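>>> got a predicted structure here, sequence first:
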There are 2 protein chains.
Amino acid sequence: MTPIVANLFASLPPGGGAEQTQALLARPGLKIERIVSQGQTTPPGRWYDQDQDEWVLVVTGAATLKFETDLTPCRLGPGDYLLIPAHCRHRVEWTDPKVATVWLALHLDPPPAARAG
Amino acid sequence: MTPIVANLFASLPPGGGAEQTQALLARPGLKIERIVSQGQTTPPGRWYDQDQDEWVLVVTGAATLKFETDLTPCRLGPGDYLLIPAHCRHRVEWTDPKVATVWLALHLDPPPAARAG
């Protein structure tokens, strides 16, 4: 069977609503998601503290992340990617309110060594 | 430790050389690669026939894939993604010779049901 092609920029939600998360592929130990933000941020005082590692790529748009271990916010633009290890507390301080920020997020089980530690 | 940010469009190879493949993350059962093409194609008569599934996204540029099961070549542009199952024979018929085509490729172990079948 011939693979089906889809597009990451198809059916972008209209601005002004909630952040949209869509699973593109789910496997044991791995989930690929498209996340579309437009102005949304993590609620004040809240930190993400995840059991899985997250490899994240900003495909288009702009955002600012903050890590609990670093006072300086981290500005991200198109092509920027990083690995956020499990339980590395972080928050989204800002996403561009004027354009859609499309993230590709991979949620991964931590490697065996990290789980044992 | 604060995660380190890198950029997918950094240090693009100059056009005219070989296709460049760079591992961004390697885990048991998963490898994330950046592939940069500029005009390269799969040699005539050759098909890729891989033991792993490949989830692939064209981040920028343009390419044409061909699957052995389908006479019609499949044109890809920015944002297009697809899952190429293990042993789905395919070839790269064309990549844009004028600009870099940046692919994000995830090589994944097939899910347990597919391996059993």
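Sure thing, it's come through.
>>> tell me the secondary structure for A:Ala113?
What DSSP: H, G, I helix; E, B strand; the rest coil gives for A:Ala113 is helix.
>>> check whether stretch A:35-52 comes into contact with chain B.
No - using CB under 8 Å from any CB of the partner chain, stretch A:35-52 never reaches chain B; the gap is at least 11.7 Å. Backbone N, C-alpha and C define where each C-beta goes, glycine included.
>>> quick one: buried residues of that stretch?
A:35-42, A:52 (16 or more other CB atoms under 10 Å in any protein chain shown).
>>> what do you get for stretch A:10-19?
Within stretch A:10-19, the residues that count as buried by 16+ other CB under 10 Å are A:Glu19.
>>> what about that stretch, how long is it end to end?
End-to-end distance for stretch A:10-19, by CA to CA, to the nearest Å: 15 Å.
>>> can you list contacts of that stretch?
Residues outside stretch A:10-19 that contact it (CB atoms under 8 Å, 6 or more residues apart in numbering or on different chains) are A:20, A:35-40, A:97, A:100, A:102, B:79.
>>> switch to 6 Å and redo it
Outside stretch A:10-19, the residues within contact range by CB atoms under 6 Å, 6 or more residues apart in numbering or on different chains are A:20, A:36-38, A:40, A:100.
>>> do stretch A:40-55 as well
For stretch A:40-55, contacts defined as CB under 6 Å, 6+ apart pick out A:19, A:83-87, A:89-92, A:94-95, A:105-108, A:110, B:25.
>>> please redo it, this time with the cut-off set to 8 Å
A:18-19, A:68, A:81-87, A:89-95, A:105-110, A:114, B:25, B:32.
>>> ok now it, how far from the chain's centre?
9 Å (CA atoms, centre = their mean, to the nearest Å).
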